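>>> Please work out how this folds:
(2 chains)
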Amino acid sequence: AQSVTQPDIHITVSEGASLELRCNYSYGATPYLFWYVQSPGQGLQLLLKYFSGDTLVQGIKGFEAEFKRSQSSFNLRKPSVHWSDAAEYFCAGNNQGGKLIFGQGTELSVKP
Amino acid sequence: DAGVTQSPTHLIKTRGQQVTLRCSPKSGHDTVSWYQQALGQGPQFIFQYYEEEERQRGNFPDRFSGHQFPNYSSELNVNALLLGDSALYLCASSSDGYTQYFGPGTRLTVL
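Okay, here's the model as predicted:
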């Protein structure tokens, strides 16, 4: 069955520190991959996407993600976290032009 | 350029009632998808509409139905509400069928 897994439910980092959020996927073929961010009670904002080509993709708000086929991973990174980055982050996959399959999310807390 | 809009923002219903949620897609988008997000969970796909037809459906009962209008806006209808239907309902629109942009959601509480 197709699935997306985010192994970390909750991560805490200090402001200014680097961040990496993990995402693994299980699909028959490589899906299109996305990272979204959600603030409490809000909708989801698209941070970045990977369809094909360069395996390092740049997104908004200083985020980037690296696609690794050998590890079935699509990890999200940011070199220096700001307090405003505290939110829930979702990884998602799509290979049928319709249904997005989401991971369970990783809640990010930022320490001052 | 307006993003995806949804109405209402919040809604309180009682068990057994029916509810209709509305969504207007981003300008230029012709595909609308609906998701249910329970508290503490990732969104779950309900269905997708394209050219006024339901193109794909997730594992939701027939109590969940939808419609897409010629202007690409969409409605989600839920009949015979259950307590378990309490959730954030998200609408997403797309122009390429893959990249989906989400609205702010409608928070439904069933008492």
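
>>> From here on, just use CA atoms for contacts and neighbour counts.
Will do.

>>> Look at A:Ser70 and give its secondary structure.
Secondary structure for A:Ser70, judged by DSSP: H, G, I helix; E, B strand; the rest coil, is helix.

>>> and A:Phe34, what are its bridge partners?
On the basis of DSSP bridges, A:Phe34 is bridged to A:Lys49, A:Ala92.

>>> Would you agree it is in contact with A:Lys49?
Yes - proximity of A:Phe34 to A:Lys49 meets the contact threshold set by CA atoms under 8 Å, at 4.4 Å.

>>> Quick check: bridge partners of the nearest residue to B:Cys91 once chain neighbours are set aside?
Leaving aside its sequence neighbours, B:Cys91 sits nearest to B:Trp34 (CA to CA, 6 or more residues apart in numbering or on different chains; 4.6 Å). For B:Trp34, the beta-bridge partners are B:Phe47, B:Cys91 (DSSP bridges).

>>> Spit out the contact partners of B:Trp34.
Contacts here follow CA atoms under 8 Å, 6 or more residues apart in numbering or on different chains; on that basis B:Trp34 touches B:45-48, B:76, B:89-92.

>>> Same question for A:Phe63.
Contacts of A:Phe63 by CA under 8 Å, 6+ apart are A:47-48, A:76-78.

>>> redo that, cut-off 6 Å
If you count contacts by CA atoms under 6 Å, 6 or more residues apart in numbering or on different chains, A:Phe63 has them with A:77-78.

>>> Look at B:Gly66 and tell me its secondary structure.
Look at B:Gly66: counting by three-state DSSP, its state is strand.
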